[in-house]
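Q: pasting the sequence and the predicted model now:
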Amino acid sequence: MTDGEDELNAAYALKTPEDSKRLYAAWAASYDSGFARELDYRLPENVAAILAAHGPEGPILDIGAGTGLVGVALSALGLGPVDGTDISAEMLDVAAQKAVYQRLFLGDMTGRLPVQDGAYNAVVSSGTFTTGHVGPEALDEVLRVAAQGGLIAISISATHWQAAGFRAKFDSLAKQIHDFTLVPVQIYGDGAKHEHAVDKGYVALFYKV
């Protein structure tokens with residue numbers, strides 16, 4: 001098993017925000033090379049492409065920005081301005097070096113972000129709504145920071161979708177969202193040969209009423 005696979009398994013085993021902070025503080029420096037490149041992690045660019053296909057207008061908030069892989073993909077697609085938030089200061093330090101974000105700030109999706117209501121015309125998230133990370137209860141905060149009519153694209157691991165109650169949560173939000181679509185998304189590249197290479201994911205794509 002490679003270092004990247006070890007780190008991914010550790011991420012799936014997270015239980016609390018403090019666990020996340022410790023893991024990602026240690027992982028930040030090697031995340032892009034030791035995980036994303038080594039395991040052919042394609043989710044950030046695939047989520048960004050799904051968002052871009054629906055013509056969002058900025059400003060855009062990248063939730064769980066990590067080292068900035070979604071920001072890079074959005075910039076390459078000509079989208080912005082983009083702000084990013086993450087629970088890990090160390091990951092955001094790496095993201096800042098990519099110079100694709102207008103603003104980066106610490107934020108915990110299990111609480112309240114330091115953001116005004118309706119501040120963003122689009123919200124995107126890749127790899128944050130997954131096993132050991134953030135559950136469906138955080139969708140209320142996503143909707144709070146999105147503007148009326150805002151476009152939202154959030155990746156959700158297939159396992160987490162089934163186990164964590166996302167369907168019931170989206171059903172409860174029926175009067176607050178419209179044009180909901182669940183889009184299958186590839187997490188890793190076709191050439192990936194590791195334990196998690198065939199893991200499945202979705203992008204929940206919808207608009208705020």
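A: Okay, I see it.
Q: shouldn't Asp93 be in contact with Ala28?
A: Yes - the criterion here is C-beta atoms under 8 Å, and Asp93 meets it with Ala28 at 6.9 Å. Any C-beta I mention is one placed from the backbone N, CA and C, and that applies to glycine too.
Q: the more surrounded of these two?
A: Ala28 (20 against 13; other C-beta atoms under 10 Å).
Q: can you tell me the closest non-neighbouring residue to that one?
A: The spatial neighbour of Ala28 that comes closest, neighbours along the chain excluded (C-beta to C-beta, 6 or more residues apart in numbering), is Glu90 at 3.8 Å.
Q: if I've got this straight, that neighbour is in a helix?
A: Yes - per DSSP: H, G, I helix; E, B strand; the rest coil, Glu90 lies within a helix segment.
Q: any idea how far it is from Ala119?
A: Going from Glu90 to Ala119 by C-beta to C-beta, to the nearest Å gives 25 Å.
Q: now do Val185
A: Note on Val185: its distance to Ala119, by C-beta to C-beta, is 26 Å.
Q: kindly report the same for His196.
A: Distance from His196 to Ala119, by C-beta to C-beta: 34 Å.
Q: name the residues of stretch 155-170 that come out as buried.
A: 155-157, 160-161, 164, 166, 169-170 (16 or more other C-beta atoms under 10 Å).
Q: select from the residues you listed every entry located in strands.
A: The strands, defined by DSSP state E, take in 155-157 from the buried residues of stretch 155-170.
Q: mind putting these into TSV with distance to Thr110?
A: As requested, these are exported to TSV (distance: C-beta to C-beta, whole Å):
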residue	distance to Thr110
Ser155	18
Ile156	16
Ser157	17
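Q: check which helix or strand covers Leu61.
A: Taking DSSP states H and E as the definition, Leu61 sits inside strand 60-63.
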